[in-house]
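Undergrad: sequence and predicted structure below; questions after.
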Amino acid sequence: MKGFVPTPESVVDRMVERLFRDRPPSASSTVLDPGCGEGAFIQGILRWRKRNGAELPQILGVESDSRRSRRAEREFAGIPQIQIRKTDFLSGSCDDSFDYIVGNPPYVSILGLSEIEKRLYRARYSTAQGRFDLYLLFFEQALRLLKEDGRLVFITPEKYLYVDTANPLRMLLNRFDVEEIELADESTFGPLVTYPTVTTVSKRRYSGRTKVIRRDGAIKHIALCSGEQSWMPLIVGGAQSKFDALLGEFCLRISAGVATGADEVFVLKNEEIDNPLRPFTIPTIAGRELGNENPRLAARSSMLIPYTLDGRLIPESKLGSLGLYLRQDGAARKLKARTCVRRKPWYAFHETPPLRDILNPKILCKDIVASPRFWIDRSGEIVPRHSVYYIVPKNAAIVDDLCEFLNSETAADWLRSNCQRAANNFIRLQSRVLKRLPIPGEIAERFRRPADQSLQIASHKTYSRRSVLGSSELLDFAR
Ligand SMILES: C[S@@+](CC[C@H](N)C(=O)[O-])C[C@H]1O[C@@H](n2cnc3c(N)ncnc32)[C@H](O)[C@@H]1O
């Protein structure tokens, strides 16, 4: 039952048109439909032949599911040119070669595979790397079985265009003539949102020109890059050469905010903080507080921090009033119940907060968003919580320009295309992806200009400027 998603007739017909465009099959041509299900594409070829009054080629449908392969067999019984084979397309049992290959391979993530399957596929397929998906392997096997000059048309999720896991597939496709990439309508498969993409490849040298049809209907021609890089910037943006730097180059740190593992103990509303605790507090902000209603980033809460600036946990004996607060029955019980303290002191955070980096002028954004949006923490005083990502530029002087760029359509387009999808069309901003955000040449040039020394960041200065911390035990200990 793995990965059954039937393809709508209209999409099948469009793909079959593309398969035979300018190269109609003859009676001796061979066509393969791997993962044929009940034969949606075979029906499409029969319709094409009727419309075009052409000869029917030899067609093989391969399907591993017994029920579906039996149905397909019954459906096409009596048509000698059509054969259905019940077998695993990836097992290597299919070794004929074909002039045309068309289909909708299964989308089954590594999580849906048995240990034996994973081991077998990893040994057999160069595309079975990391958290691979079966459709990547179907691409590889299909390209292997395609005859020289043969053509393949597949509908798959668009993810292969940009995810790191698909680097080996992009490297493989780079060897052939990727004629067309169509970002198909999001509603193609109803509620099963997969951001479908129809890819047309011919097994011959790359012509250097790929037609791209975007979801907004725009058509353009691009030359795909030959390395492992994502193809998405080329597809949605301008030419790759317009970008000559990546965001990571200009940043001291791009990370998810601080995870205490017990915000209910470590995060207090400002009005609830007693004076003796104030020296241990730093203003903090959560993802839900980033929004139009809070343009000046007012932090309504503060985080109690039992760490020094350079990330050392303050010994329990030196915690003073913070120790008294944490040792209160309710708080201590919650802190000790956390699995993260099995191997560290009971009052430690889930992760050590890199305060020296965090307490600098920086840019903040929510971790999961419908549309990417960035805010500046110019004073550098805020500690973002784990639902917030923070971007600390190496040179504080560029924080405004950088934030303006991050809020631009160019950056938003790229992020929408390269970030992982979350539910309801939201995207996940991950540091790994943010670091790879391309910066256009002229902006990168500006960011590289020698920094004004007075504006160069010096985290300890920002930190010690803070009045609440200036005289605290926390800094005393840090010294
Ligand atoms: C996305 S469905 C597409 C079905 C059909 N081609 C269509 O477009 O309506 C993928 C099909 O691949 C089959 N499948 C999954 N793994 C397979 C494998 N290793 N070998 C052959 N078929 C497989 C599934 O059973 C399913 O019928």
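TA: Arrived safely.
Undergrad: C-alpha from now on. contacts and neighbour counts both.
TA: Will do.
Undergrad: tell me which element residue 168 falls in.
TA: Per DSSP states H and E, residue 168 falls inside helix 167-173.
Undergrad: quick one: contacts of that helix?
TA: 126-127, 129, 136, 139-140, 160-161, 201, 226-230 (Cα atoms under 8 Å, 6 or more residues apart in numbering).
Undergrad: among the residues you listed, which lie within helices?
TA: 136, 139-140 (DSSP state H).
Undergrad: keep only those of those that are also close to the ligand.
TA: Among the ones in helices among the contacts of helix 167-173, proximity to the ligand is found for none (Cα under 6 Å from any ligand atom).
Undergrad: OK, contacts around residue 354?
TA: 309-311.
Undergrad: between the residues you listed, identify the one with the most neighbours.
TA: For these, the largest number of neighbours (other Cα atoms under 10 Å) sits with residue 309, at 24 neighbours.
Undergrad: can you classify residue 379 by secondary structure?
TA: Following DSSP: H, G, I helix; E, B strand; the rest coil, residue 379 is assigned to coil.
Undergrad: for the residue nearest the centre of the chain, what are its contacts?
TA: Against the mean C-alpha coordinate of the chain, by Cα atoms, centre = their mean, the closest residue is residue 420 at 2.9 Å. Going by Cα under 8 Å, 6+ apart, residue 420 touches 427-429.
Undergrad: in the helix holding residue 168, which residues are buried?
TA: Within helix 167-173, the residues that count as buried by 16 or more other Cα atoms under 10 Å are 167-173.
Undergrad: returning to what we had before: state the distance from the residue nearest to the centre of the chain to residue 88.
TA: From residue 420 across to residue 88, the span is 30 Å (Cα to Cα, to the nearest Å).
Undergrad: hmm, back to that, pipe the buried residues of helix 167-173 into TSV and attach pLDDT per row.
TA: As requested, those are arranged in TSV below (pLDDT from 0 to 100):
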residue	pLDDT
167	91
168	95
169	96
170	94
171	94
172	96
173	97
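Undergrad: so which of those residues would you say is closest to the ligand?
TA: Proximity of those to the ligand (Cα to the nearest ligand atom) peaks at residue 169, which lies at 17.6 Å.
Undergrad: how does this protein divide into domains?
TA: Listed by automatic domain parsing, the domain ranges of the chain are 9-236, 251-478.
Undergrad: weakest of those domains by average pLDDT?
TA: When those are compared by mean pLDDT, domain 251-478 comes last with a mean of 84.
Undergrad: hmm, stretch 148-162 in reach of the ligand?
TA: No - using Cα under 6 Å from any ligand atom, stretch 148-162 stays clear of the ligand, coming no nearer than 8.5 Å.
Undergrad: any buried residues in that stretch, and which?
TA: Those would be 150-162, for stretch 148-162 by 16+ other Cα under 10 Å.
Undergrad: off-centre distance for it?
TA: 19 Å (Cα atoms, centre = their mean, to the nearest Å).
Undergrad: and the contacts of that stretch?
TA: Here stretch 148-162 has contacts from 15-16, 18-19, 98-105, 107, 135-136, 142-143, 146, 166-167, 169-170, 183, 194-204, 229-232, 417-418, using Cα under 8 Å, 6+ apart.
Undergrad: ok, now which ones touch the closest residue to residue 219 other than its chain neighbours?
TA: Closest residue to residue 219 apart from its sequence neighbours, by Cα to Cα, 6 or more residues apart in numbering: residue 213 at 4.7 Å. By Cα under 8 Å, 6+ apart, residue 213 lies in contact with 180-183, 219-220.
Undergrad: what about residue 45, which SS state?
TA: helix.
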